[in-house]
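Enquirer: how would this look folded up:
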Amino acid sequence: MNVFLSLRHALVAGIALELLMMALAQPPLPPILPPMRARTNAFGSLSVLQPPFFNASCSIMASRRSSIIVFSYKPRDAVAGKEKREMFERYGLDPNEFLSEPSRETSRIKEIQKKTGRGKELLEEDGRLRRTTHKLLQVLGGKAKRKKLLSPTGIDVRPMMEVVKGAAFDILQVAGGCPASLRPGCWLDLYSGTGSVGIEALSRGCSGVHFVEMDPWVVSDVLRPNLECTGFIDVSVIHTVRAESFLENAKHYVGKNETFDYISVTPPYTQVDYGLLMGQISNSSLVGEDTFIVVEYPSKTSMLDSCGCLIKISDRRFGRTHLAIYGPKWAQKKRKSKIHN
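Expert: Take a look at the predicted model:
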């Protein structure tokens, strides 16, 4: 048994030295390296202070039967994972026993626990990260003005920024000929998420809103509570389905001849093709001759000057976020006359 332990310790020591040599051989090195210093602590352990490009510590603990060598090595980008595995295999050792990298989910959990100081309450029974909410959004105008809205923590759902939302409704109200409120009508909120856009529409005078959100957790823990706290649950319809599927099967969800007065399109930027999406909307029976369409899109995305029978009446930029609004021709004339006056 002692012979086996001694051989294994010798292998580990050999691997440690080879890792050290590999790190030293990797360019570029700092132009000036501080000298290595050693000191002995109160327990008789030897600590070695290394240059900044790697950290190593070697502790030798004497015992009656055998010596144990503990070696820890943390290179920056010196040794690739593949090279490490090949080296362990050359020594006849299992790489998985020595090389274990935390998963992305584990790293995320540890990061949140470190920031919040919370532990097991952040985890579900199956070990996944529990999704939580906070109240950072609010209704900007109308009957429910200043009411706080729930939104998920993290970046799973990205609500429309309040400055963008406020500008969109100001443009719609002026273009509709009623600067104080929206023209009465029905709103379709695609990729609704928290529901902040549709709730803003209800607060400012819309008669009803159809919310389209594919995430069941967002619907049950964010969207529905927001509608209940603002008092708009009775004039709302929630469709837990993908926006693309909703557009393809519109007759099944809203009826054969149903058109909307307003449609908001606020998709996750990286998960949609805006050309295909806008083509699907422009050919949809949900768009009427007097429909207004609000589209939020990222920089470096081309938006056409028209969407079906509608023309672009506004296109504004807010940092990396852009806002395009399509509407009937008469709305553009009203907006221009209002600006000139």
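
Enquirer: which sections of the stretch 201-341 of the chain are below the confidence cut-off?
Expert: Within the stretch 201-341 of the chain, the ranges that satisfy pLDDT under 70 run 333-341.

Enquirer: in it, which spans are helices?
Expert: 216-218, 224-230, 243-248, 250-254, 274-282, 329-340 (DSSP state H, counting those that start in this stretch).

Enquirer: out of these, nearest to Val197?
Expert: helix 224-230 (11.3 Å; CB to CB). Heads up, the C-betas are built off the backbone N, CA and C, glycines and all.

Enquirer: could you name the helices and strands sitting against that closest one?
Expert: If you count contacts as 3 or more CB pairs under 8 Å, 6 or more residues apart in numbering; DSSP states H and E, helix 224-230 packs onto strand 148-152, helix 196-203.

Enquirer: so which of those is nearest Gly141?
Expert: helix 196-203 (6.5 Å).

Enquirer: three-state assignment of the nearest residue to Gln173 once chain neighbours are set aside?
Expert: Leaving aside its chain neighbours, Gln173 sits nearest to Pro179 (5.2 Å; criterion: CB to CB, 6 or more residues apart in numbering). Per DSSP: H, G, I helix; E, B strand; the rest coil, the secondary structure class of Pro179 is coil.

Enquirer: how near is Pro179 to Ile293?
Expert: As defined by CB to CB, to the nearest Å, Pro179 lies at a distance of 20 Å from Ile293.

Enquirer: just Gly142 next, same as before
Expert: Where Ile293 is concerned, Gly142 sits at a distance of 21 Å (CB to CB).

Enquirer: ok, Glu86 next?
Expert: Taken as CB to CB, the span from Glu86 to Ile293 is 57 Å.

Enquirer: how about Leu190?
Expert: Taken as CB to CB, the span from Leu190 to Ile293 is 10 Å.

Enquirer: can you work out which residues contact both of those two?
Expert: Residues touching both Leu190 and Ile293 by CB atoms under 8 Å, 6 or more residues apart in numbering: 263-265.

Enquirer: adding neighbour count, write those residues out as CSV.
Expert: Shown next, in CSV, are the shared contacts of Leu190 and Ile293 (neighbours: other CB atoms under 10 Å):
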residue, neighbour count
Ile263, 25
Ser264, 27
Val265, 23
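
Enquirer: so Leu190 and Ile293 - more neighbours on which side?
Expert: Legend: neighbour count by other CB atoms under 10 Å for Leu190 and Ile293, higher for Leu190 (27 against 24).

Enquirer: for the residue nearest to the more buried one when sequence neighbours are not counted, what are its contacts?
Expert: Among residues not flanking Leu190 along the chain, Ala243 sits closest, at 4.4 Å (CB to CB, 6+ apart). Neighbour list for Ala243: 190-191, 212, 214, 267 [criterion: CB under 8 Å, 6+ apart].

Enquirer: ranking by neighbours, what's the top pick from these?
Expert: Leu190 leads these on contacts (other CB under 10 Å) with 27 neighbours.

Enquirer: surely that one and Tyr262 touch.
Expert: No: the pair Leu190 / Tyr262 is not scored as a contact, 11.0 Å apart, by CB atoms under 8 Å.

Enquirer: that concludes my questions; thank you for your assistance.
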